[in-house]
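give the three-dimensional model of this entry:
(one chain, ligands or ions: 1)
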Amino acid sequence: MADPRPYDPEWIEAERARMADIIARHERIVMQFSGGKDSLASLQMVRDHLEKITVAWANSGDAFPETVELMDAVRARVPYFVEIKADQPSHIAAMGWPVDLLPVSRTPLGRIVNRHNLPIMQGWPVCCGANLWGPMVNFLREFRPTLVILGTKATDERKGLDCDGSIVDGAEVLLPVHKWTHDQVFAFLKREGVEIPEYYTFGTTSLVCRHCTAFVAENSGKMRYMRERHPVDFGEVQRRLREIKRAVSVDNAALDACIIG
Ligand code: SF4
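Below you'll find the model as predicted:
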């Protein structure tokens, strides 16, 4: 069946019917919900089955107030809502700022070995693992769903479960917007009357953590949004990004010096 282009009511209804058949086969269903546009669209796609679905939000502990507000609205709307809360601020204080390029002398162990007291850093997968993915996986192991619904798209730069229809750890995976593009998701939300968070006027990525210093390749829109709406957090994140740039520049210069010929 063809993908929606960009919003095809018939195709949407056929997809809803396909999802209804899948959902009818299950009793223990979890939807991983971040509050971003893809999970909003996924929730809307299964809106007629919410009485069977537990909506689970992994809150790192550093969520934006607008995300908390959105989650409160969803919590009030769905029968089953679980918040899985981590303590990202404490984790970052102990392990360092998350980064895309890691100067190893700035890791906690590097700081001991290199005997400095400069800000420490960590690779972002460790930070996301500790504060988002790990807590969610622990919850799923305990809940033991037979169906997991996620807002993953095939076109996403990074994705966890990218296997619509497969069985992973005993649970079937359902990705309602798997084949969709960003534009199709936006068109769908608009046509269905779902409010699109304001930060999407600045870019296509979701907000997640207020003090995240990683994913810089895609976060310039987020930075512009923060400058407008969260100037205090923006100032702190900018301070950290400048320090990260300094640390990376030192390693880059040393790398350049060793590339000879
Ligand atoms: S989004 Fe950034 S700050 Fe939040 S958990 Fe992931 S790496 Fe850490």
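
report the buried residues of the helix ranked longest in the chain.
For the chain, the helix that runs over the most residues, judged by DSSP state H, is helix 231-258. Residues of helix 231-258 classed as buried: Asp233, Phe234, Val237, Arg240, Leu241, Glu243, Ile244, Ala247, Val248 (neighbour count, 16 or more other Cβ atoms under 10 Å). Where C-beta positions appear, they are placed from N, C-alpha and C, glycine not excepted.

and the last one, how close does it get to Cys209?
Between Val248 and Cys209 the computed distance is 20 Å (Cβ to Cβ, to the nearest Å).

next: the third one.
Shown here: Val237 relative to Cys209, a distance of 10 Å by Cβ to Cβ.

contact residues of this structure facing the ligand?
Ser60, Gln88, Pro98, Trp124, Cys127, Cys128, Asn131, Leu132, Val208, Cys209, Cys212, Ala214 (Cβ under 6 Å from any ligand atom).

one more pass at 5 Å, please.
Residues of the chain lying close to the ligand (Cβ under 5 Å from any ligand atom) are Ser60, Pro98, Trp124, Cys127, Cys128, Asn131, Val208, Cys209, Cys212, Ala214.

helix or strand next in line after the helix or strand harbouring the fifth one, which one?
The one in question is Cys128. Here Cys128, judged by DSSP states H and E, is contained in helix 124-128. Next in sequence after helix 124-128, counting helices and strands by DSSP H and E, comes helix 134-143.

quick one, strands of the protein?
For the chain, the strands defined by DSSP state E occupy 29-32, 53-59, 80-85, 97-99, 121-123, 147-149, 167-168, 171-174.

let's have those strands in a markdown table, adding mean neighbour count, mean pLDDT and distance to Ile196.
Output for these, formatted as a markdown table (neighbours: other Cβ atoms under 10 Å; pLDDT from 0 to 100; distance: least, Cβ to Cβ, whole Å):
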| stretch | mean neighbour count | mean pLDDT | distance to Ile196 |
| --- | --- | --- | --- |
| strand 29-32 | 24 | 98 | 19 |
| strand 53-59 | 22 | 98 | 18 |
| strand 80-85 | 15 | 98 | 21 |
| strand 97-99 | 24 | 98 | 27 |
| strand 121-123 | 23 | 98 | 32 |
| strand 147-149 | 24 | 97 | 20 |
| strand 167-168 | 11 | 88 | 30 |
| strand 171-174 | 20 | 95 | 23 |
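
which residues touch Asp162?
Listed by Cβ atoms under 8 Å, 6 or more residues apart in numbering, the contact partners of Asp162 are Thr152, Ala154, Asp156, Leu175, His178.

the second one - how many residues pack around it?
To tie it back to what came earlier, the one meant is Ala154. 13 (other Cβ atoms under 10 Å).

please apply the same query to the last one.
The criterion is other Cβ under 10 Å. On that basis, His178 has 22 neighbouring residues.
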